[in-house]
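In: I would like the atomic coordinates for the input below:
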Amino acid sequence: MRAGAKKKLLVKKGLDKNEKEPIRSGPLNANALRKIEIAVKAQEGYTIWDRPGYLVRRLHQIHVAMFLDKVADGSMTPIQYGLLSILATRPNIDQFTIGEELGLDRANVAGILKRLESRKLISRIVDDENRRRKLCIATTKGIALVKQHEKAMKDCQTQLLNPLSGGERDVFMRLLSRLVEGNNESSRTSLRPNGEAFLPSKPNVPSKRSRKSNSSKSKA
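Out: Model prediction:
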């Protein structure tokens, strides 16, 4: 067949010049079906529902929506409440430590603290032993807010896990913790699991500045 005639035939059939005409055959045999099955399995991850990263992100979106619906009339995000609840039980943590122990970068920590401070929920003071460092303390108002919404916060966590049975919840939490810890160093900001912020509350020892202030008040 001449080249021109062949080209016209391919155009008529809707084929590119580099394509071959599809081969028509009878029913697929077992070997052909097996090859198709292998090819399909090789496509896992092609859809977003096969991607753990997408599912984790979607679950986080759902949790945030639940939290805003149930806690503090939507006036506080989960990370703001989490940070405030830690300061309520573990005062005198500096900004750098908060970021390191919660997996937040400095810019995010500074922004969150600024918003909490503007609402009189925390206060920040300069550390007498290192004046380049600021210590963060939950105010009376901040501690009261944490206690007021603690039940709603816990209900939110329970609602998130409601589709799972009791045994499944335990397994899910263990696996989730393993994934977070195992991939920790891959994050832009590493988390320090079980760090100082998660230790039992210690007595709040007044700084030199607060002792001087109390002393001057007593003299007055």
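
In: Please count neighbours and contacts with C-alpha atoms only from this point.
Out: OK.

In: tally of neighbours for residue 151?
Out: A count of neighbours around residue 151, defined by other C-alpha atoms under 10 Å, yields 12.

In: before we move on, what about residue 47?
Out: Residue 47, neighbours per other C-alpha under 10 Å, totals 9.

In: Ok, residue 112 next?
Out: Residue 112, neighbours per other C-alpha under 10 Å, totals 17.

In: gap between it and residue 49?
Out: 33 Å (C-alpha to C-alpha, to the nearest Å).

In: repeat for residue 116
Out: In terms of C-alpha to C-alpha, residue 116 sits 37 Å off from residue 49.

In: more neighbours, the two?
Out: Neighbour count, other C-alpha under 10 Å: between residue 116 and residue 49, residue 116 has more, with 20 against 11.

In: and residue 83, what is it in contact with?
Out: Residues in contact with residue 83 (C-alpha atoms under 8 Å, 6 or more residues apart in numbering) are residue 98.

In: Go ahead and name everything in contact with the helix or strand hosting residue 145.
Out: Using DSSP states H and E, residue 145 sits within helix 140-148. Contacts with helix 140-148, where a contact means C-alpha under 8 Å, 6+ apart, come from 81, 84-85, 88, 120-122.

In: Go through it and flag the buried ones.
Out: The neighbour-count check on helix 140-148 (16 or more other C-alpha atoms under 10 Å) flags 142-143, 145-146 as buried.

In: Also stretch 79-88?
Out: 81, 83-88.

In: mean confidence for the strand or helix carrying residue 84?
Out: Secondary structure from DSSP H and E places residue 84 in helix 78-89. Averaged across helix 78-89, pLDDT comes to 90.

In: what about the helices in the protein?
Out: 3-13, 30-41, 52-70, 78-89, 95-102, 106-118, 140-148, 150-161, 166-182, 208-219 (DSSP state H).

In: who wins for proximity to residue 129 among these?
Out: helix 208-219 (9.0 Å; C-alpha to C-alpha).

In: same question for that closest one, mean pLDDT?
Out: pLDDT averaged over helix 208-219 gives 41.

In: Next: stretch 47-63.
Out: On average, stretch 47-63 scores 90.

In: List the buried residues of it.
Out: For stretch 47-63, by 16+ other C-alpha under 10 Å, it's residue 63.

In: Same question for stretch 172-183.
Out: Buried-residue list, stretch 172-183, by 16+ other C-alpha under 10 Å: empty.

In: And the closest residue to residue 49 other than its chain neighbours, how close does it get to residue 61?
Out: Take residue 49 and drop its neighbours on the chain: the residue closest to it by C-alpha to C-alpha, 6 or more residues apart in numbering is residue 55, 6.9 Å away. Remark: distance between residue 55 and residue 61 (C-alpha to C-alpha) = 10 Å.

In: Residue 91 too?
Out: In terms of C-alpha to C-alpha, residue 91 sits 30 Å off from residue 61.
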